[in-house]
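Q: Build the 3D model from these lines:
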Amino acid sequence: FTLKQLFDMPVDDLIIYLNKLCTFDIPKRVETIEDMQQASNILGRIGPIYAWLINMEMRANINKRRLKKDNKEDYEKALIQEAVFSAFGKQVNIIYNTVSRMVTIKQQINQELRMLGNVT
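A: Coordinates of the predicted model:
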């Protein structure tokens with residue numbers, strides 16, 4: 001979608017679109033090489049999406065301020081759009097932190113096992 005299309009989109013449709021964009025199949029644990037690859041893929045995809053959501057939140061905020069004086073109805077929609085982009089940004093950030101922490105824990109476990117001589 002273009003920026004104009006996103007900002008002209010009904011809020012319910014925007015939420016549906018962002019929900020699809022921001023849904024990730026998170027592994028329950030990171031144990032195998034495949035789990036690590038999946039976690040790496042998720043982390044690689046989340047970064048640009050998070051940056052885009054923050055950018056869109058900023059644009060919605062600017063749009064909201066412009067509309068405050070001129071058009072109350074569009075102003076209200078802009079308020080909601082800003083909140084939607086912010087909420088999805090927080091959601092993506094939580095997913096990123098969760099997956100990143102899972103990888104870190106796995107790395108720490110492997111380090112401890114190496115120190116104990118249980119893993120080569």
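Q: neighbours of the residue nearest to residue 88 when sequence neighbours are not counted, just the number please.
A: Nearest non-adjacent residue to residue 88, counting by Cβ to Cβ, 6 or more residues apart in numbering: residue 18, 4.7 Å away. The way it works is simple: take the backbone N, C-alpha and C, and place the C-beta from them, glycine included. For residue 18, the count of nearby residues is 21 (other Cβ atoms under 10 Å).
Q: ok, now residue 52?
A: 15.
Q: Locate it within the secondary structure: which element?
A: Taking DSSP states H and E as the definition, one finds residue 52 inside helix 33-70.
Q: tell me the angle of the helix or strand containing residue 101 relative to helix 33-70?
A: Counting by DSSP H and E, the element that carries residue 101 is helix 72-116. Calculated by axes from the mean of the first three to the mean of the last three Cα atoms, to 10 degrees, helix 72-116 forms an angle of 160 degrees with helix 33-70.
Q: tell me what helix 72-116 is packed against?
A: helix 11-21, helix 33-70 (3 or more Cβ pairs under 8 Å, 6 or more residues apart in numbering; DSSP states H and E).
Q: How far does it sit from its chain's centre?
A: 6 Å (Cα atoms, centre = their mean, to the nearest Å).
Q: What of stretch 35-54?
A: 8 Å.
Q: Going by neighbour count, list what's buried in it.
A: 35, 36, 38, 39, 42, 46, 49, 50, 53 (16 or more other Cβ atoms under 10 Å).
Q: Among these, which one sits closest to residue 113?
A: Top of the list for closeness to residue 113, among these and by Cβ to Cβ, is residue 36 at 15.2 Å.
Q: and the closest one, what does it touch?
A: Contact analysis of residue 36 by Cβ atoms under 8 Å, 6 or more residues apart in numbering lists 30, 103, 106.
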